[in-house]
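Q: Got a sequence here, can you build the structure:
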Amino acid sequence: DRREALLRDEARAEARWTAAEAARAEHAGRRPETLADDTSAGDAQTTASSARKALEDASEELGALTNDVTRHQALLRRHADSKRDWEARRETMNLWKRLHRLIGEGDGRAFQEYAQTLNLQELVDRANGHLRALAPRYALVTAVDAKGHARLDFAIRDTWLAGRQRPITTLSGGETFQVSLALALGLADMRTHGMPLETLLLDEGFGTLDPRSLDHAVEALERLHARSRIQVGVISHVEALRERIEARIVVEALGNGHSRLRPELGGGSVEGVEDVEG
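A: Next comes the predicted model:
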């Protein structure tokens, strides 16, 4: 019995030794390569403590950097909001600056001139519609100063000169009359309901026109009358107009500073209407 007990103790001892050897081998496998063979347990504990301290410091630094990133992102958002607000305020400021340039100071003369340039441009646009029928070679434009700002004046764009602008004063007498007539017709188009334009009176100028231009001018006046029912009166010595105008008042000189008014309709005098002398 004693022998069997010894054999059992021996078997248990061998098992414990085998397990211890396996544990030693496993522990040796986890041994850091940088750990010297003569490192003691105390040295290892010191190294571990240093590593834990370094890890804690690194964690604190990471936390501080995370806080910095969070604050930086918040500042970026505030900056973006401030930039949008600044851009909106700048647009508002630019609008007020433009209004200040237009309105000016004191008597508001700058605004008056700006409003007049707008009205002038509308007149030019309407007059050019008539000028295309009268003299398609030309188009009215608003004149500009050396800085490119619109002036309260006209210029002419000549399509025969590649669209170059010319002063009004370079036009011939007949061309000037055609442009003036286009402007008068444009003004007639701009009449308002509060102050309707009922009569348009043209004083001379027809004598400077060649027969073709004269036909165009009369046709434009006839279209104006048909479209808007404006009464158009023409004062002229041009005999050719007598054939084109249905209702006329003829002025005949009697001598000694006297003249006579004689109404005509169509080809002759109006019956039942007395002549007026004076």
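Q: From here on, just use CA atoms for contacts and neighbour counts.
A: Noted.
Q: Quick one: low-confidence residue ranges for the stretch 51-200 of the chain.
A: Flagging of the stretch 51-200 of the chain using pLDDT under 70 yields the residue ranges 102, 104-108, 191-197.
Q: Helices of that one, start to end?
A: 109-134, 173-189 (DSSP state H, counting those that start in this stretch).
Q: counting contacts, what elements does the last one pack onto?
A: Packed against helix 173-189 by the contact rule (3 or more C-alpha pairs under 8 Å, 6 or more residues apart in numbering; DSSP states H and E) you find helix 109-134, helix 211-228.
Q: Make TSV out of the ones you listed and add mean neighbour count.
A: Supplementary listing: the helices and strands packed on helix 173-189 in TSV, determined by neighbours: other C-alpha atoms under 10 Å:
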stretch	mean neighbour count
helix 109-134	18
helix 211-228	16
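Q: Let me have those helices in CSV, extended by distance to residue 156.
A: Supplementary listing: the helices and strands packed on helix 173-189 in CSV, determined by distance: least, C-alpha to C-alpha, whole Å:
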stretch, distance to residue 156
helix 109-134, 11
helix 211-228, 18
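Q: Go through those helices and name the closest to residue 7.
A: Minimum separation from residue 7 across those (C-alpha to C-alpha) falls at helix 109-134, 122.3 Å.
Q: count of neighbours near the residue lying closest to residue 173 once chain neighbours are set aside?
A: Of all residues not flanking residue 173 in the chain, residue 208 sits nearest, at 6.1 Å (C-alpha to C-alpha, 6 or more residues apart in numbering). Other residues near residue 208 number 17, with proximity taken as other C-alpha atoms under 10 Å.
Q: and residue 208, how far is that from residue 123?
A: Look at residue 208 and residue 123: by C-alpha to C-alpha, to the nearest Å, they are 24 Å apart.
Q: just residue 11 next, same as before
A: Going from residue 11 to residue 123 by C-alpha to C-alpha gives 123 Å.
Q: Same question for residue 85.
A: Remark: distance between residue 85 and residue 123 (C-alpha to C-alpha) = 42 Å.
Q: Could you do residue 250 as well?
A: Here the distance between residue 250 and residue 123 works out to 33 Å (C-alpha to C-alpha).
Q: same deal with residue 84?
A: Computed with C-alpha to C-alpha, the distance linking residue 84 and residue 123 is 42 Å.
Q: before we move on, what about residue 15?
A: According to C-alpha to C-alpha, residue 15 and residue 123 sit 117 Å apart.
Q: how many other residues sit next to residue 259?
A: For residue 259, the number of neighbouring residues by other C-alpha under 10 Å comes to 14.
Q: Give me the pLDDT value at it.
A: Each residue has a pLDDT score; the one for residue 259 is 87.
Q: Give me the three-state assignment for it.
A: strand (DSSP: H, G, I helix; E, B strand; the rest coil).
Q: Just list whatever residues bridge to it.
A: Taking DSSP bridges, one finds residue 253 as the beta-bridge partners of residue 259.
Q: isn't it right up against residue 250?
A: No - in this structure residue 259 lies outside contact range of residue 250 using C-alpha atoms under 8 Å: 10.1 Å.
Q: isn't there a strand covering residue 233?
A: Yes - counting by three-state DSSP, residue 233 is found in a strand.
Q: Now do residue 124 against residue 180, distance only.
A: Using C-alpha to C-alpha, one gets 11 Å for the distance from residue 124 to residue 180.
Q: hang on, I meant residue 206
A: Applying C-alpha to C-alpha, one obtains 11 Å for the distance of residue 206 from residue 180.
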